[in-house]
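Need a 3D model of the following:
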Amino acid sequence: MLTFTTRLALRVLQRQSSSLEFLRYGSTTPPSASKPWLTPQTTDHIASLPPVPNRPLTRPTPWLTPEEMQQYLLPLHERIPWGFITLKQVKKNRASKAPKRPNEEKPEPSQPTPGNGLLYSVSYPFRRSETALEFIEEVKKIAKDERHDPNALNFYIKYVKAPAAQPDGVKTIHQVPHVHIEVQTHQAYIPDEVAELRPDRYVLRKPLGKDIIVPGLTLRDIRFVMIVDELFRDWFNSSHTATTSASISSPQTLTEKSSDPPPSTMTDAATSPRAPSESEDQGKEEWYTTFVNVPNPKLSVESVISAIFRHRFCPCCGHPHSLNECPDRLENLPTKGICEHCKKPGHWSVDCTEGAEDENASSTSGVSETEASSAERM
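Model (predicted):
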């Protein structure tokens, strides 16, 4: 009898199409009506997957080239539930969902991640918490074999209301176990093929080389994502979970709106809410829906690269650092726009003398804005 690992390898190599339908807890409204970026997933999606790439042997690893984006990144977006977003959007999403506690001390700032590289993410739902935790252990084995640890591998419970009310008018809230995964290559660099497509918005277009480390998506991530998704499909075709239905949450992409981020820490199974039992789940399949991302005509290699370099790269030299840290800004002044402080052209806002004078005046006035507002309230 073939082992699980052998069966997984055969499926990766042979690209056999799966008869499994991916099921999602959701509304009875057709996905195309409620969320226009969703469409039913068929076996044709799986049959048309590109071949799993070989594992890169070099470190640092180059970002996906435009050709590799066209071969892997864009097709996978329409065929598997993994999605990609930029680091700028990741930080924006997390900041918008973070609890606001004014009396709590702010944590010490960590070393900022340079640049605005892409990150892959997915949330796989399960019927049982035990199955989800077993799936996490299998993903850990893949990470060890691939020598590629994910940024996040978390278990969490999502509370979902069943759209159909009970006879007494009460709606049932289901506790759906999920596994959230994020992956990105930390030791990566921007290859010349990508750097050449940077938008013409920098005063000084300094070249980018292998010595400038910028986290982003590489073939290492493509391979990891495809193997993990293959694991999920094989997992739900295996005998011990043959009666279990699954759902897949479509993660945000460059063109989608933000969704609720999952918790950032692992939840212990003993303290997590109880998942619905098999008996509780019988007869509820009518409010599951199947979906994947629909083809997006606006999503292209050029649009992806443009989104990457739109933020978190120096407007002076184009390197992945802030303007304050740029050693070339005094000799390379802006040719467009005006200073945000004095509204005059010809210098960077961080070097504006009027802006510095305003800051000094406010700091030496003897009463801060916070203290003044407090005095007014008293």
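
Who are the packing partners of the one helix or strand residue 223 maps to?
Element membership for residue 223 (DSSP states H and E) is helix 219-235. For helix 219-235, the packing partners by 3 or more C-beta pairs under 8 Å, 6 or more residues apart in numbering; DSSP states H and E come out as helix 4-14, helix 74-79, strand 118-125, helix 129-146, strand 173-183. For every residue, glycine as well, the C-beta is placed using N, CA and C.

tell me what the next helix or strand after the second one is packed against?
For helix 74-79, the succeeding helix or strand toward the C-terminus, using DSSP H and E, is strand 83-86. If contacts are counted by 3+ C-beta pairs under 8 Å, 6+ apart, strand 83-86 sits against strand 118-125.

Alpha carbons only: can I get the strand it packs on in CSV?
C-alpha atoms of strand 118-125 as CSV (Å, rounded to 0.1, in the frame of the first residue of the first chain):
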residue,chain,number,x,y,z
LEU,A,118,4.4,40.1,-2.3
LEU,A,119,3.2,37.6,0.2
TYR,A,120,1.0,34.5,-0.3
SER,A,121,-1.8,33.6,2.1
VAL,A,122,-4.7,31.2,2.4
SER,A,123,-7.3,30.0,4.9
TYR,A,124,-8.4,26.4,4.7
PRO,A,125,-11.6,25.5,6.7
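
Just want the angle from that strand to helix 219-235.
10 degrees (axes from the mean of the first three to the mean of the last three C-alpha atoms, to 10 degrees).

Give me the helices and strands touching strand 118-125, please.
strand 83-86, helix 87-97, strand 173-183, helix 219-235.

same question for it, mean pLDDT?
The average pLDDT for strand 118-125 rounds to 91.

again with stretch 172-180
pLDDT averaged over stretch 172-180 gives 86.

Compare the helices and strands packed on strand 118-125 and give me the one nearest residue 43.
helix 219-235 (10.5 Å; C-beta to C-beta).

quick one on the thing from earlier: in TSV: the helices and strands packed on helix 219-235, plus mean neighbour count.
Formatted as TSV, those follow (neighbours: other C-beta atoms under 10 Å):
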stretch	mean neighbour count
helix 4-14	14
helix 74-79	19
strand 118-125	24
helix 129-146	16
strand 173-183	20
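
which residue packs closest to residue 64, ignoring adjacent ones?
residue 217 (5.5 Å; C-beta to C-beta, 6 or more residues apart in numbering).
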